[in-house]
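> next comes the sequence, and after it the predicted model I'd like to discuss.
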Amino acid sequence: MNSYKIGEARKECCTTGAFKDRVVVEKLVCQAIVGVKEPERMQRQKVVIDVTMYLDTSCCSLMDNLEKTISYATVAREVLKYTEESKHYLLETLCHGIARMVCLKYGAPECTVRVEKPRAIPLADQAVVEITRTREFFTEEQARESLKAEGGAMKMVVGEGESLVFLALGSNLGDTVSNLSTAVDRIVEATKATSVSTSGLYSTPPTYVTDQPSFVNACIAISTAVDPFSLLRIVKEIEAQMGRDFTTQRNGPRVIDIDILMHGDVKLEAPTLIIPHQEMHKRLFVMLPLCDVAHAGTTHPVVGKTFESIRDTLLINSAKRVVGEENPLDLVRILPLAKNATWELGRKTVVLGIANTAQQAAMTEGVAGVLVGDLNVFKEVRKNVENQKVVFAPKTKEDLVGGLALEPEMLKLPQEVLNDLGKLKETAELLKGSQCGLILEAPSVPTPVDYMENVVAALQVHGIHRWRVVIDPCLEKNAVQLLKGDITYSTLWHPQAWSLQAVSIPSNSSPSLSVLTQTAVQKNAAFIITPNPSVTTDVCSTADALFRSGWN
C-alpha cells in the first residue's frame, strides 16, 4: 500500500474551516480491470468516475494562487492513471483507493468518490458505488498499516525521511507503570512519531546498585524524522520534567530512565551519545522487551548477532548464575492493572471465578479475582466485597462508562467492539483515562492470528499501549470444533506467546481441558484461566487439573 506525505502548505490552506466548498471532477471516463468474473479480469471495461473534494478555498481565491488549493486537472490525471493501472475485484475497493489518494496525496480534508460501471448487471443501466471519506480516516488507516502483523510479529513500516528508533525505558519510583506510559506519550508527541509499538512490561531486579526497589522495564519502537542529538535533548527534557534527579547516585533509584538504543542505521560515538547503546547487548532487561518490538531477525550492527540470539544467550548465561543474582526467574513479565496493581505472567496460572452476584464474589476464595458481566453486580461487589480484583465485561457503552468509574482492575472487551473500528476508537478514547488491563475477546469463528494483532495495532494508534493487552482466544466457544478435529489449537495460537494469555475454558470439560493443558505445557505460556461456572470448588478443581497436567 502506498504511503503518502501531505504537503504542509496545501494541508494548512485546504483544511475545512469556516467554508466547506466543493471542487468537482465529473464524468471522468476510464478503462479499468474491475470485477470478479473471468472475462472482467481479462478485458478492460468502461467506468465513469466523479470525485468531489470538500475544502476551504477562501485562501486560494483571495490570493488567486493555484498552489493554495488542489488542482482538479492534476487530480483528474492521477485518478485516470491510478484506475487504469490498478486491478480490483470490487468497485468499493476502487473507490477506496481513489479517496485515499485524494485525501492523503493531495490533502483534501474530505472527499466523495462515485464510480459507475455501465451494463454491469442484467436489466440495469449500471452499477454504482459512492463513498465519502475523511483525511482523518485515512491517516488512522495508514498508521494501522504501518503496524501490520507479519508472521506473528508486529512489523513497523518507516515513513519517508524517517528512521526506526528503539528506546529502552525503566522506572522504580512512584507509580512505575504510569511513569512509563507518561514517558511514551511525551516521546511520541515531542518527536511527532508517525507510528509506535510498545513491548510488554518486565519486572526486573536492580543491577549495579542492588539496594533499591525493582524496576519495571519496557522498550518502544518509533518512526520519526528527529535526528539523534535532538532526540537525546528531547528524552533528557522529558526525564527532567518527570522529576528525575540527575545529581543522585549513578544507577540509583529514578522516576524515569530513557535510553536511545538504536537510531536507524546510525553508528555514532560522541561524548554525550553512543549509538548503538554500548551496553544494550549485555542487558537481559533490555533485550527481552526489545525482542517484543523489533522485526524478527534484526541484527545488532556492532555485535553482528540477531536480537533473538543475544537474548537467548543472556538467558542461558543468567541461568548459570548463583541464586540471588539476576536469572530468568527474576525477570518476569507483568500485566498492569488499575490501582497500581499487577499480575505476574508465566510464574503460575492466574485463576478467575465468574461472579453473577456479590455473594458469589465474596465466596470465591482461592482465586486471583472475579469476572463480572453485570454493572449492578459490579457496584455491589465494590461496595460490599473488600480486596477483590474485578475483571468487568461491559455489554454496552453505558456499562463501559459506568464500569470505568468503579475502577475495574481489568476490562474484557467483546468481539462486537473489536469488529467495529468506529467503536474501537471511541472505546480507546474512554480507556485513555484508565490504567486497567484489557482482555480482547477473539472471534468465535477461528480467524488468522494476525487479525487480533492488527486489532492491537489499531488500539496503539489510538494511544492504548500494547503492554495493557492480553488476548482471549475463546477456547470455550471453539471447543466443539477442537474436539472434532476441524481446527487445531495452533489456529488460535499467536507465535508471540506473551500476547496470548487469557483463555476461557468450560469447567468440568476434561477433553477441552486436555487440549488446553497439552498446548500450555508445550508452549510454556502463561494463561489467565476463566472457568465457568463460578463455583469455588469447580474453579479450584480446574486449577488443580491444570497443575496435575504438568502446569507449573
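Thanks, I have it. Residues are numbered from 1 along each chain as shown.

> which residue ranges form the helices in the stretch 351-500 of the chain?
Listed in chain order, the helices of the stretch 351-500 of the chain (DSSP state H, counting those that start in this stretch) span residues 358-363, 375-384, 397-405, 415-419, 421-431, 450-461, 475-484.

> I misspoke; the intended subject was the stretch 101-250 of the chain.
135-145, 176-191, 228-241.

> just put those helices in TSV and tack on mean pLDDT.
Shown next, in TSV, are those (pLDDT from 0 to 100):
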stretch	mean pLDDT
helix 135-145	64
helix 176-191	93
helix 228-241	94
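
> could I get those helices as TSV with mean neighbour count and distance to Lys305?
In short, each C-beta sits where N, CA and C put it, glycine included. Shown next, in TSV, are these (neighbours: other Cβ atoms under 10 Å; distance: least, Cβ to Cβ, whole Å):
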stretch	mean neighbour count	distance to Lys305
helix 135-145	18	30
helix 176-191	20	27
helix 228-241	16	23
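
> dump these to CSV, plus distance to Lys37.
Converted to CSV, the helices of the stretch 101-250 of the chain look like this (distance: least, Cβ to Cβ, whole Å):
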stretch, distance to Lys37
helix 135-145, 29
helix 176-191, 47
helix 228-241, 53
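
> out of those, flag the one nearest Asn376.
Asn376 lies closest to helix 176-191 among the helices of the stretch 101-250 of the chain, at 29.8 Å (Cβ to Cβ).

> can you give me the strands in the stretch 51-200 of the chain?
Here the stretch 51-200 of the chain has its strands, by DSSP state E, counting those that start in this stretch, at 87-88, 110-118, 126-134, 149-150, 153-154, 163-171, 195-198.

> any idea which of those strands scores lowest on pLDDT?
Of all those, mean pLDDT reaches its minimum on strand 149-150 (a mean of 36).

> to Asp56, which of the helices of the stretch 101-250 of the chain lies closest?
Checked against Cβ to Cβ, the stretch from the helices of the stretch 101-250 of the chain lying closest is helix 135-145, at 13.0 Å.

> residues contacting the nearest residue to Val235 once chain neighbours are set aside?
Distances taken as Cβ to Cβ, 6 or more residues apart in numbering place Ile258 nearest to Val235, at 4.2 Å, with adjacent residues excluded. By Cβ atoms under 8 Å, 6 or more residues apart in numbering, the residues touching Ile258 are Leu167, Ala168, Leu169, Ala183, Ile187, Val235, Ile238, Glu239.

> change it to 10 Å
167-171, 180, 183-184, 186-187, 220, 231-232, 234-236, 238-239, 242, 244 (Cβ atoms under 10 Å, 6 or more residues apart in numbering).

> how much does the helix or strand hosting it deviate in direction from helix 176-191?
Ile258 is located in strand 257-263, with elements delineated by DSSP states H and E. Here strand 257-263 points in a direction 50 degrees away from that of helix 176-191 (axes from the mean of the first three to the mean of the last three Cα atoms, to 10 degrees).

> low-confidence regions, the chain specifically.
1-19, 139-160, 319-329, 346-351, 364-367, 419-421, 443-451, 473-552 (pLDDT under 70).

> who are the packing partners of the longest strand seen in it?
For the chain, the strand with the greatest residue count under DSSP state E is strand 21-34. Judged by 3 or more Cβ pairs under 10 Å, 6 or more residues apart in numbering; DSSP states H and E, the packing partners of strand 21-34 are helix 38-42, strand 45-55, helix 58-63, helix 72-85, strand 87-88, helix 91-104, strand 110-118.

> of all these, which one is nearest Asn317?
Shortest distance between Asn317 and those, using Cβ to Cβ, is found for helix 91-104: 48.0 Å.

> now that closest one: how far from the chain's centre is it?
25 Å (Cα atoms, centre = their mean, to the nearest Å).

> ok, now stretch 65-72?
How far stretch 65-72 lies from its chain's middle: 37 Å, per Cα atoms, centre = their mean.

> ok, stretch 78-91 next?
With Cα atoms, centre = their mean as the basis, stretch 78-91 stands 31 Å off its chain's centre.

> may I see the buried residues of it?
Going by neighbour count (16 or more other Cβ atoms under 10 Å), the buried part of stretch 78-91 is Glu78, Val79, Leu80, Tyr82, Thr83, His88, Leu91.

> so what's the second one closest to, chain neighbours aside?
This means Val79. Nearest residue to Val79 in three dimensions, chain neighbours excluded: Ile98, at 5.6 Å (Cβ to Cβ, 6+ apart).

> returning to what we had before: so for Asp227, which of the helices and strands packed on strand 21-34 sits nearest?
Within the helices and strands packed on strand 21-34, the stretch nearest Asp227 is helix 91-104; the backing value is 25.4 Å (Cβ to Cβ).

> got the angle between the closest one and strand 110-118?
Using the same axes, to 10 degrees: helix 91-104 against strand 110-118 is 150 degrees.

> got the CA coordinates for the helix or strand that contains Cys291 in CSV?
In this structure, Cys291 sits in helix 284-293 according to DSSP H and E. Output in CSV follows, covering the C-alpha atoms of helix 284-293 (Å, rounded to 0.1, in the frame of the first residue of the first chain):
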residue,chain,number,x,y,z
LEU,A,284,18.7,-9.0,29.6
PHE,A,285,16.2,-6.4,30.9
VAL,A,286,16.8,-4.5,27.6
MET,A,287,16.9,-7.5,25.2
LEU,A,288,13.7,-9.2,26.4
PRO,A,289,11.4,-6.2,25.7
LEU,A,290,13.4,-5.2,22.7
CYS,A,291,12.6,-8.5,21.0
ASP,A,292,8.9,-7.8,21.6
VAL,A,293,9.1,-4.7,19.2
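
> when you give positions from now on, start the count at 53
Happy to do that; since the first residue is 53 now, the last one works out to helix 336-345.

> tell me the buried residues in the next helix or strand after it?
As assigned by DSSP H and E, the chain's next helix or strand after helix 336-345 is helix 359-371. By neighbour count with 16+ other Cβ under 10 Å, helix 359-371 contains the buried residues Phe359, Glu360, Ile362, Arg363, Leu366, Ser370.

> quick one on the thing from earlier: any chance of the strands of the stretch 103-252 of the chain in JSON lines, plus distance to Gly425?
Output for the strands of the stretch 103-252 of the chain, formatted as JSON lines (distance: least, Cβ to Cβ, whole Å):
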{"stretch": "strand 139-140", "distance to Gly425": "43"}
{"stretch": "strand 162-170", "distance to Gly425": "39"}
{"stretch": "strand 178-186", "distance to Gly425": "35"}
{"stretch": "strand 201-202", "distance to Gly425": "29"}
{"stretch": "strand 205-206", "distance to Gly425": "30"}
{"stretch": "strand 215-223", "distance to Gly425": "34"}
{"stretch": "strand 247-250", "distance to Gly425": "29"}
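
> beta partners for Val86?
His140 (DSSP bridges).

> was I right about it contacting Leu142?
Yes: the pair Val86 / Leu142 is scored as a contact, 7.5 Å apart, by Cβ atoms under 10 Å.
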